[in-house]
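1. A predicted structure for the sequence below; I have some questions about it.
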Amino acid sequence: MISNEQAKPTPVYLLSGFLGSGKTTLLGNLLSEWKRRGLKPAVIMNELGEVNLDGELVDREVPMAEMLGGCICCSIRGDLGVEIGALIAEHRPDAIVIESTGAANPMETLDGVTDASMYKTVDLRAVITVVDGPELLARSRSGKGRTFKLMKEQIRCGTLLLLNKCDKLEPEQLVEAQQLLREWNGHADIVPVVRCELDDWRWLEAESGDIEVGSIRHGREHGHEEDGHEHEHSHGHVMAATYYLDEPVNSVAFEELLRGLPDNIYRAKGIVSFSDMSAGSRYLFQYAYRESDFIRIEPQGEVLDVAVFIGEHFSKEWLDERIALLLSES
Ligand SMILES: Nc1nc2c(ncn2[C@@H]2O[C@H](COP(=O)(O)OP(=O)(O)OP(=O)(O)O)[C@@H](O)[C@H]2O)c(=O)[nH]1
């Protein structure tokens, strides 16, 4: 009986969504919900930068594997199975949630999770795509481009679409965004949310079986190549620049730097210490689409001050100069 229980595949949930849409916010809510149910989840986090900053926001008791410095869907996809296997062997979690970088093509990540060698260990239950409402509308109006295409792909793949940041949408915009999602994905549940807060978590109990991903049945049959889906790495243009800051910086100059970022750097995050604040206090900063956020934190273990910038085709030289100036002014 017990050995039967242990042989059961572990439910896996994949979080998808563009950079800064709210995946880590959802992860926090999801972990609290599992905790409330007395279940033990484990997390796999993937970041383009060299450090796992989102991990700082996760409950320290939750087992976590980190896949850093590359995108889970291509360069380090092969490691995903190994990470999942190791987490299961060591922690026997009730569920595993994978937060991939916002630049990841979910189809490629799905390929990693549903590899034939993993049928017995992994049961993919849901692909939850978090959509940044205002960003969706902005990109659908102006956007063609590869980023727009990636966003569409993430939406198409979702089995549950969370339309996030609804606090920033007018009622008619909310309707427009929902219509757009329905047009791109005819089968997923669409739930409008603020800070990824959900009242109804029943989808967590949904029976496994095959889940429908885009127009493709993606389950034990494992055959998504057959629909002619192009395996293009549509995020190849997204780049990350990581800067370790070996001294505290001036908070005003730092905020100015964030405000002055060009449009093609749309995401930044990191841990900073401020020279003009009380000594020893450190902040996790978030910058997404022109808005910044600072949370005071006490990092787990040895974490250096660091700033990661993510965007498309931006000038690294320009950023190098700005960071050098910031450090010289501090
Ligand atoms: N106004 C508003 N801000 C939100 C909402 N949800 C999340 N945010 C903010 O958006 C920023 C990005 O949220 P995250 O949860 O870190 O996004 P992410 O998708 O994990 O980002 P990456 O890991 O870079 O891909 C943070 O500053 C959040 O506080 C929302 O519903 N409304």
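-> Nice, I can see it.

2. how's the protein carved up into domains?
-> 8-227, 238-329 (automatic domain parsing).

3. those: lowest mean pLDDT?
-> With a mean of 79, domain 8-227 has the lowest mean pLDDT of the domains of the chain.

4. that domain near the ligand anywhere?
-> Yes - legend: contact between domain 8-227 and the ligand by C-beta under 6 Å from any ligand atom is shown at 17, 19-25, 54, 102, 164-165, 167-168, 194-195. For the C-beta atoms, the positions are set from N, CA and C on the backbone; glycine is no exception.

5. filter those residues down to the buried ones.
-> Applying 16 or more other C-beta atoms under 10 Å to those, the neighbour count classes 17, 19-25, 54, 102, 164-165 as buried.

6. which member of the residues you listed is positioned nearest Thr10?
-> Nearest to Thr10 out of those is Lys23 (C-beta to C-beta; 20.3 Å).

7. what residues of the host helix or strand of Ser328 count as buried?
-> Assigned by DSSP states H and E, Ser328 belongs to helix 316-329. Going by neighbour count (16+ other C-beta under 10 Å), the buried part of helix 316-329 is 319, 322-323, 326-327.

8. may I see the residues you listed organised as JSON lines, with distance to the ligand added?
-> Output for these, formatted as JSON lines (distance: C-beta to the nearest ligand atom, whole Å):
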{"residue": "Leu319", "distance to the ligand": "17"}
{"residue": "Arg322", "distance to the ligand": "20"}
{"residue": "Ile323", "distance to the ligand": "19"}
{"residue": "Leu326", "distance to the ligand": "21"}
{"residue": "Leu327", "distance to the ligand": "24"}
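
9. so where do the helices sit in the stretch 101-250 of the chain?
-> Counting by DSSP state H, counting those that start in this stretch, the stretch 101-250 of the chain has helices at residues 106-113, 133-142, 146-157, 171-184.

10. can you check my assumption that Ala268 lies in a helix?
-> No - when classified by DSSP: H, G, I helix; E, B strand; the rest coil, Ala268 is found to be strand rather than part of a helix.

11. which residues does the residue nearest to it when sequence neighbours are not counted contact?
-> Nearest non-adjacent residue to Ala268, counting by C-beta to C-beta, 6 or more residues apart in numbering: Tyr287, 4.0 Å away. Tyr287 is in contact with 258, 261, 267-269, 293, counting by C-beta atoms under 8 Å, 6 or more residues apart in numbering.
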